[in-house]
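Peer 1: Have a look; sequence and predicted model below, questions after that.
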Amino acid sequence: MNKKILFLLVILCLLVFGYPLPAHAQTPEPPIVRAVMFWMEGCEHCEQTLSQTLPPIREKYGPQFDLQLVQIYTLEDIDALYALGASYGIEKEQVGVPFLVIGDRPLVGSDQVRDELPGLIETHLAAGGVSLPERPELLLFLAAAPQADSPTPAPAAMDSPNAPAETRDNGFTLAILVLAGMVLSLLFGAVQLLVVMFTGKPVSPTPAWVTTWAIPILSVVGLLVAGYLSYIEVTLVQAFCGPVGDCNAVQASSYARLFGILPVGVLGGLGYLAILLAWWANRQKWGIISSYAPLALFGMAFFGTLFSTYLTYLEPFVIKAVCIWCITSAILITLIMLASLQPALQTLSTQTEDID
């Protein structure tokens, strides 16, 4: 048989019976490193990681680095994150956001993500890539939590477990109206105080019902609201939010604690207690202490209103969620400031006359 014909027959048989091609002729899939990061709206460290640390990493590795972003919305999400941290042997007090899992290694905090993530990506790429660990705590979290490819998911109020999104009012209009009223009240109080200080304008007597009933009743109600918020912030249980806003999303934000340590509700409770103490001191015969108690009461209420104005601004414009309990407390402290204004002006006017 002709050698050429034999050669062609051999090639035809190879094609028909699927003779395997050499390994070097096949194009291997590039390794992929998969990770997940948990973050929270209003968290400065999260924003730093999202805006500074991750972009160059994503640009460098492209599709070989697959990162899922999961936003923490509610206290249930925080509890799930605590459970995930506990599965890695991390104490509850040491769990925070950003919380990134790569391979079976957790990275907690912006510094650890920045310092260790690039090296871990290189290590896993050299080993052929890595998938997310099949930890029950992580799988349950990913199945329940909203996920996004960019740090711009829907507002927290839309995913609150307390009420369906279509029936829940986000409360932004209410918060903005209260915010405007607080700013106007602060300006009014400051102007009245300056007028009396620099002109010595006489002030009419304060109605008895204001000092006898209004201030203590408002303070006691404010103390109850602050006590409930303190309970929510300390125990991390779900709050009853009603049909307006999403107080759980607000309490889950980093702004719920002053300097990341002191719960704002506890701070508010201490403020209302101090106001009640000043009100009581004014009704005693303690000399100079009782005389200046109205000024002290107004000063505390004024700065409490100022701080509440800042917190109220954060809700619709930064946290993107409104807490009806926080709004209630903001209204109460503003009313206390307005109720204590005239007694403070009267005290200031009297002291100015004595000096003259």
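Peer 2: Here it is on my side, so go on.

Peer 1: where does Leu100 land in three-state SS?
Peer 2: Under the three-state scheme (DSSP: H, G, I helix; E, B strand; the rest coil), Leu100 adopts strand.

Peer 1: Tell me the spacing between it and Glu93.
Peer 2: 19 Å (Cβ to Cβ, to the nearest Å). (C-beta placed from N, C-alpha, C; glycine too.)

Peer 1: neighbour-wise, which of these two wins?
Peer 2: Leu100 (26 against 8; other Cβ atoms under 10 Å).

Peer 1: wait, that one sits on Ala35?
Peer 2: Yes. Leu100 lies in contact with Ala35 (Cβ atoms under 8 Å); the separation is 6.1 Å.

Peer 1: what touches both of the two?
Peer 2: Shared between the contact lists of Leu100 and Ala35 (criterion: Cβ atoms under 8 Å, 6 or more residues apart in numbering) are residues Leu117.

Peer 1: which regions of the stretch 201-350 of the chain lie under the pLDDT threshold?
Peer 2: Filtered on pLDDT under 70, the stretch 201-350 of the chain yields the residue ranges 202-203, 206.

Peer 1: Would you agree Leu306 is in contact with Ser185?
Peer 2: No. Using Cβ under 8 Å, Leu306 makes no contact with Ser185, being 10.3 Å away.

Peer 1: between the two, who's got more neighbours?
Peer 2: Ranked by neighbour count (other Cβ under 10 Å), Leu306 and Ser185 place Ser185 first, with 18 against 15.

Peer 1: For the more buried one, which non-adjacent residue is closest in space?
Peer 2: Thr334 (5.2 Å; Cβ to Cβ, 6 or more residues apart in numbering).

Peer 1: Please enumerate the strands of the stretch 1-150 of the chain.
Peer 2: For the stretch 1-150 of the chain, the strands defined by DSSP state E, counting those that start in this stretch cover 33-39, 65-71, 99-102, 105-108, 147-148.

Peer 1: Then the stretch 151-300 of the chain?
Peer 2: Taking DSSP E, counting those that start in this stretch as the criterion, the stretch 151-300 of the chain carries its strands at 257-258, 262-263.

Peer 1: just these: most buried one?
Peer 2: strand 262-263 (a mean of 16; mean count of other Cβ atoms under 10 Å).

Peer 1: starting at the chain centroid, how far to that one?
Peer 2: Computed by Cα atoms, centre = their mean, to the nearest Å, the separation of strand 262-263 from the middle of its chain amounts to 13 Å.

Peer 1: residues in contact with that strand?
Peer 2: Under Cβ under 8 Å, 6+ apart, the answer for strand 262-263 is 229-230, 233-234, 256-257.
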